[in-house]
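[1] Predicted model and sequence follow; I will ask about them next.
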Amino acid sequence: MAGSTTAGPQTQSLISLAGVTKRYESASGAVVALRDVSLEIGQGEFVAIVGKSGSGKTTLMNLLTGIDCPSSGSIRIAATEIHESSQEQLAKWRGRAVGIVFQFFQLLPTLTAAENVMLPMDFCNAYPSRERRERALHLLATMGIADQADKLPHALSGGQQQRAAIARALANDPPLIVADEPTGNLDSRTAEEVMGFFGSLAATGKTVVMVTHERDLERHFARTIALVDGTIVALAAVAS
């Protein structure tokens with residue numbers, strides 16, 4: 001049904017949107033970015049959100065991360081009712097429950113790779129301070145760049161920076177990873193490696209939601225959800 005879709009078969013839902021609409025007021029009148037969207041995404045799913053510019057992808061990502069709130073409808077992620085939470089509550093929730101990966105990496109240039117990964121732990125006080133560097137090094141090793149831990153971002157390749165950004169997103173062990181065009185600035189070989197990392201995260205039970213324009217990556221996803229003018233219009237079958 002247009003405008004709604006459910007989680008994959010035999011999958012426990014992590015994300016549930018019901019009748020979500022998001023409108024913005026402007027000088028020329030109200031702009032509806034999302035319109036009556038109902039959606040479920042299961043724990044451990046690797047899902048792509050696709051659509052042209054202006055289709056509502058960014059708005060949907062902002063709602064899933066608690067950066068923005070719906071004008072109407074409800075959003076539940078795990079046990080948290082996003083639409084009923086204050087900004088202070090959302091900030092605390094986001095730090096522990098969501099890892100965000102950006103197209104342009106967004107690593108702080110004056111911090112080493114390890115220090116960038118430690119930053120979310122510092123903000124949320126998620127681990128004892130004496131354990132944070134050890135955890136950061138473990139995550140960088142998982143991403144295959146342990147030897148780059150003490151280098152500043154400018155000394156890393158694009159692929160290494162994105163691996164560090166993924167490690168940072170995992171710092172507080174969140175159940176949800178949201179990625180916005182994470183392969184957009186990578187060569188095809190590195191993009192495949194990064195997609196492999198995301199796939200392995202989903203295999204361990206983390207939910208990965210990714211915005212992408214790259215059609216050749218579709219084989220990596222369990223589902224692809226297409227948006228047009230703020231409405232879900234297409235849903236790909238579960239990948240074989």
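    Received the coordinates, thanks.
[2] For the chain, just list every one of the helices.
    In the chain, the helices defined using DSSP state H lie at 57-64, 87-97, 113-124, 129-142, 158-169, 188-203.
[3] So for the most centrally placed residue in the chain, what's the pLDDT?
    Centroid check for the chain by CA atoms, centre = their mean gives residue 178 as the closest residue, at 0.2 Å. For residue 178, the pLDDT comes out at 96.
[4] For it, give me its contacts.
    61, 64-65, 98-101, 209-210 (CB atoms under 8 Å, 6 or more residues apart in numbering). From N, CA and C alone the C-beta is placed, and that goes for glycine too.
[5] 10 Å instead?
    Counting by CB atoms under 10 Å, 6 or more residues apart in numbering, residue 178 touches 49, 60-62, 64-65, 67, 94, 98-102, 169, 207-211.
[6] ditto for residue 163
    Going by CB under 10 Å, 6+ apart, residue 163 touches 105, 113, 139-140, 142-145, 148, 156-157, 190, 193-194, 197.
[7] Tell me the buried residues within those residues.
    By the neighbour-count criterion of 16 or more other CB atoms under 10 Å, those include these buried positions: 105, 113, 139-140, 142-143, 145, 148, 156, 190, 193-194, 197.
[8] nearest to residue 231, of these?
    Distance to residue 231 across the buried ones among the contacts of residue 163 (CB to CB) is lowest for residue 194, with 29.6 Å.
[9] Could I get the pLDDT score of the closest one?
    89.
[10] Do I have it right that it meets residue 182?
    Yes - Residue 194 lies in contact with residue 182 (CB atoms under 10 Å); the separation is 6.2 Å.
[11] Against residue 172, how distant is residue 120?
    Residue 120 is 5 Å from residue 172, where distance means CB to CB, to the nearest Å.
[12] which residues do these two both contact?
    Listed contacts common to residue 120 and residue 172 are 95-96, 99, 126; contacts here mean CB under 10 Å, 6+ apart.
[13] Need the max-distance pair from those.
    99 and 126 (11.9 Å).
[14] higher neighbour count, the two?
    residue 99 (27 against 17; other CB atoms under 10 Å).
[15] Wait, the more buried one touches residue 176, no?
    Yes - counting by CB under 10 Å, residue 176 is a contact partner of residue 99 at 7.1 Å.
[16] Identify the contacts common to those two.
    Joint contacts of residue 99 and residue 176 (CB under 10 Å, 6+ apart) are 65, 169, 206, 208.
[17] Among these, which lie within strands?
    Residues of those located in strands (DSSP state E): residue 208.
[18] In the shared contacts of residue 99 and residue 176, which residue is surrounded by the most others?
    residue 208 (27 neighbours).
[19] what's the pLDDT at that residue?
    Confidence score, pLDDT, at residue 208: 97.
[20] Correct me if wrong: it contacts residue 202.
    Yes - at 5.1 Å, residue 208 counts as touching residue 202 under the criterion of CB under 10 Å.
[21] Please enumerate the shared neighbours of those two.
    Common neighbours of residue 208 and residue 202, counting by CB under 10 Å, 6+ apart, are 44-47, 177, 220-222.
[22] give me every residue that touches the closest residue to residue 185 other than its chain neighbours.
    Distance criterion CB to CB, 6 or more residues apart in numbering; nearest residue to residue 185, sequence neighbours excluded, is residue 158 at 5.6 Å. Residues near residue 158 by CB under 10 Å, 6+ apart: 104-105, 185-187, 190.
[23] switch the cut-off to 8 Å
    Neighbours of residue 158 in contact, by CB under 8 Å, 6+ apart: 105, 185-187, 190.
[24] Which pair of the residues you listed spans the longest distance?
    Using CB to CB, these span at most 14.7 Å, a distance reached by 105 and 187.
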